Every structure is written in C-alpha cells, then in structure tokens.
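S.K.: Next comes the sequence, and after it the predicted model I'd like to discuss.
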Amino acid sequence: MTKTDKAAAIEALKERFENNEFFYIADASTLSAEKTTELRGKFFEKGISMQVVKNTLARKALEQLPEEGNYKAVFDALKGPTALLFTEVANAPAKVIKEFRGADGERPILKAAYIASAVYTGDDQLNALAKLKSREEMLADVLTLLQSPMQNLLGALNSGGSQVAGLLKTLEEREA
C-alpha cells in the first residue's frame, strides 16, 4: 500500500467516523468465508456496514478527530484482526451478533463499541448493548409518558360530567 493509498484510506475512515455516532469494533477472524458472508448479509439487512480495516489506519483516522469525542478510549481495542461496524441504530449490531452466535457460537467477538461518546469495552458488554433502546423506542416511551396524564385528565372530566348531570337530575327530582 503506497503512502497516497494509506492517506486516502485514513481520510475515508475519518469521514466514516465523523458521520456515524455509533460504531462497533469486532473480531470475526476465525469465521469461515461462508459464515462471514452470512454475517455480512445479516448486517446488511439491518443497515449496518461492516469493514475490515488495518488497526494503524483506523487509529490514525481516530487521532485526527476532535478530542471531545473521547475516541482514545477505543485505541486498546485496535489490536489483532479488526472489523468496524458502522450503524445508525445504537443497539442493532449487538442484536445481530447475539442472534448470529446463537447458543454455541463464539464469534464474532465484540472488542469495543462507541455509542455517542460512551465507550463499552469487552465482549461481556454485548448483552448491555443489545438491551439499549434505540432513539425511536425512547421517543415512543416519552410520548407514551406524556400522553398518560392527558388521558387520565380527559377520562376524569368525562366521568365527572356524567356525575354532575346525575347530581342535577337528583336535585331537580327533590324539588319536584
């Protein structure tokens, strides 16, 4: 790889890191070609991009990003065979990896995950990442919570209206 090729690869990686607030670092090195193709297909279905990279190029791309991104925390994960997973949904790669492994699978191994400046390191974080709620799920929860008091108020007003009518009718019957 020439210097210009390396510079272009670093620039392309830098752009991908800048445009994705969620990315995972995984190791799928011992999977057969058939299994790797199957895994890539599952990632593709969920809108996840898988890219095998050289660690030094990924590290150089991350070093060029602003420091407030806390990218240095993932540098330890950039050892050995590395696949980067870029996604729009924070928990999607974790769910795909978990599903792909099944009961007996060991690969791919999660090395680290960068979720909006929070870093999760180690394969033991896979369950926690899979349980994270996506942005859409969180918005649905907030909307449900916001609607609940309004629904209670409308329900009370509706039931109160029939009680008031009943009281008025009773008072009217007493007078007569």
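M.R.: Nice, thanks for sending it over. The structure presented is a predicted model; accordingly, all values stated were derived computationally and were not measured. Numbers count the residues shown, from 1 in each chain.

S.K.: So residue 10 lies in a strand, does it not?
M.R.: No - in this structure, residue 10 is helix, not part of a strand, as judged by DSSP: H, G, I helix; E, B strand; the rest coil.

S.K.: so what's it up against?
M.R.: By Cβ atoms under 8 Å, 6 or more residues apart in numbering, the contact list for residue 10 reads 57, 60-61, 64. Just so you know, the C-beta spots here come from the backbone N, C-alpha and C atoms, and that holds for glycine as well.

S.K.: now swap in residue 144 and tell me
M.R.: Applying Cβ under 8 Å, 6+ apart, no residues contact residue 144.

S.K.: Look up the pLDDT of it for me, please.
M.R.: At residue 144, the pLDDT value in this model is 80.

S.K.: ditto for residue 58
M.R.: 95.

S.K.: ok, and for the host helix or strand of it, which residues are buried?
M.R.: If you go by DSSP states H and E, residue 58 is part of helix 55-63. For helix 55-63, the neighbour count (16 or more other Cβ atoms under 10 Å) marks 57-62 as buried.

S.K.: now stretch 18-35
M.R.: With burial defined by 16+ other Cβ under 10 Å, the residues of stretch 18-35 counted as buried are 22-28, 31.

S.K.: pretty sure residue 149 belongs to a helix, no?
M.R.: Yes - Residue 149 sits within a helix when classified using three-state DSSP.

S.K.: ok now do it, which residues does it touch?
M.R.: Listed by Cβ under 8 Å, 6+ apart, residue 149 has no contact partners.

S.K.: Distance check, it against residue 137.
M.R.: 21 Å (Cβ to Cβ, to the nearest Å).

S.K.: Could you do residue 100 as well?
M.R.: The value you get for residue 100 to residue 137, if Cβ to Cβ is used, is 22 Å.
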